[in-house]
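Asker: Attaching a predicted model along with its sequence, questions to come.
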Amino acid sequence: MKTKLLLIAIVSAFAFTSCEIETIDNCQSCKLTYDILNTSSLSSTELDELAVESGWANYDEYFAVTHESPGQYCDSSLTAIENEQNYEDLDQNGTIDILTFWVCQ
């Protein structure tokens, strides 16, 4: 019986000491945002008008509801999201209208 308890204690010690615990020291809160590009045929006023026609108060409200929510990202996920950029052609005329990107702090 003593031998079994000693064996269990040794196996447990190795099991818990061999696991690497991930730290979350490198975490930031991130929010998706957008910029209207100077090549866009749409102004911020026109974006607001399009959003209002669809039932939203303005384009900022539409963007907040239809795009990813803010969140906390750590380590490799934080690095990936900080490097993410997307270009959108909202009026489908072949010209990129907005750039979406994450702002983290």
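Answerer: Perfect, thanks for sending it.

Asker: can you list the weak-confidence ranges in the chain?
Answerer: Counting by pLDDT under 70, the chain has low-confidence residues at 1-24.

Asker: Now do the helices in it.
Answerer: Using DSSP state H, the helices found in the chain span residues 2-18, 44-53, 59-66, 75-82.

Asker: Can you give me the neighbour number for residue 102?
Answerer: When neighbours are counted by other Cβ atoms under 10 Å, residue 102 registers 20. C-betas here are computed from N, CA, C, even on glycine.

Asker: Report the beta-bridge partners for it.
Answerer: According to DSSP bridges, the residues that bridge with residue 102 are residue 32.

Asker: ok, now which ones touch it?
Answerer: Contact analysis of residue 102 by Cβ atoms under 8 Å, 6 or more residues apart in numbering lists 30, 31, 32, 33, 81, 82, 84.

Asker: Pick the one among these closest to residue 104.
Answerer: Distances from residue 104 to the contacts of residue 102, taken as Cβ to Cβ, are shortest for residue 30 (4.0 Å).
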